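Enquirer: Return atomic coordinates for the entry below.
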Amino acid sequence: MYPMYKTTFYNVVNPLFEAFLNFVYPPVCLICNIHLNRGGLVCDVCWDEFPKIPAANDNGSVMPVRGLTVISVWQYSEEIQKLIHEMKYFRKRSLAARLGDRMAAAIDSQRQWQDFDVIVPVPLYRTRLRERGYNQSYYLARAVAERWNKPVEGNMLKRIRPTVSQSRLSAKERWSNVENAFRANGSAEIAGRRILLVDDVCTTGATLGACAEALLDAGATSVWGLTAARA
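Expert: Numbering: from 1, shown residues only. Next comes the predicted model:
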C-alpha cells in the first residue's frame, strides 16, 4: 500500500518542469559533467565507479544493529553524498528510483535478502515531509519493490515526534535522539510478517534500529535493513 501523501501543486508541476528542462537543455552527469544522451542524472561509467562495500556473502556490507541486520551497497563517498543530497533536498525522484533499482540489483543474488513479506520505508515526521514535499526513502523502497515484485507499505510505520538531524550528533546522542520516535500503525498487518526497512544512509544504525524495535514490538517476525550507503 502506498502512503497517502498530500498532492501539492509543486509535486505535480515539478516533474513536468524537470522533463521540459531536460528536453530543452540535455542533462549532464552530476558527477563528471558529460552530456547524457539517454536521460537520467548520472552516467553509467560513474555508476560503475562508485565505491561499493564488499558483497554480503563476504560479510563486508552486513552490520548488526539492535533488532536487525543492515546491508549497505556503497561507501559514503563524496560522490554518493552528492547524489543523496540532490535526491533529498532537490526532489530528484528519478534519482531515487535509479538508486533504489541499483540497491536491489547489487544484492539480487543474495536470496536471503529477499526472503521477506513487505518493504517499509523509514518515515519522515509530518512537518519534515511537508518541507521536503516527499520522502526519499519511500521512492527508494518503491524502486526496490518493483525490481523484486514485493509490496510497499508506506503507512505501516510512523514517526510520532520530531527529531533533530542526526548528522552532527555523537553515536550515543543519535540513539537518544530517535528513542521512541517511531510507532507501528495499529491497523496494519504486522504480526507474523518479515519486513525489509529501506533508508538512504546508515551511520550508527540508530534510526533503523529504532524503527525495527517498533515493528518487532508490534509482532513482526523479523526485520532487515537495506540502505544505499554506509557512512
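
Enquirer: how many neighbours does Asn155 have?
Expert: The local packing count at Asn155 equals 15, with neighbours defined by other CB atoms under 10 Å. Every C-beta, even on glycine, is put in place using the N, C-alpha and C of the backbone.

Enquirer: Wait, it touches Asn185, no?
Expert: Yes: checked against CB atoms under 8 Å, the pair Asn155 and Asn185 is within contact range at 5.6 Å.

Enquirer: joint contacts of these two?
Expert: Taking CB atoms under 8 Å, 6 or more residues apart in numbering as the contact criterion, Asn155 and Asn185 have no common neighbours.

Enquirer: tell me the strands in this structure, going along the chain?
Expert: Using DSSP state E, the strands of the chain run over 62-65, 68-75, 118-121, 157-159, 182-184, 194-202, 222-230.

Enquirer: Now do the same contact list for Met63.
Expert: Counting by CB under 8 Å, 6+ apart, the residues that Met63 touches are 69-72, 202, 205, 230.

Enquirer: That should have said Ala181, apologies.
Expert: Neighbouring residues of Ala181 by CB under 8 Å, 6+ apart: 159-161, 163, 210.

Enquirer: hmm, try it at 6 Å
Expert: 159, 161, 163, 210 (CB atoms under 6 Å, 6 or more residues apart in numbering).

Enquirer: who wins for neighbours among the residues you listed?
Expert: Ala210 (24 neighbours).

Enquirer: still on that earlier bit, quick check: the farthest pair among the contacts of Ala181?
Expert: Greatest spatial distance in the contacts of Ala181: Arg161 and Ala210, 11.3 Å, computed using CB to CB.

Enquirer: Return the helix or strand in this structure with minimum mean pLDDT.
Expert: Counting by mean pLDDT, DSSP states H and E, the weakest-scoring helix or strand in the chain turns out to be helix 9-24, with a mean of 55.
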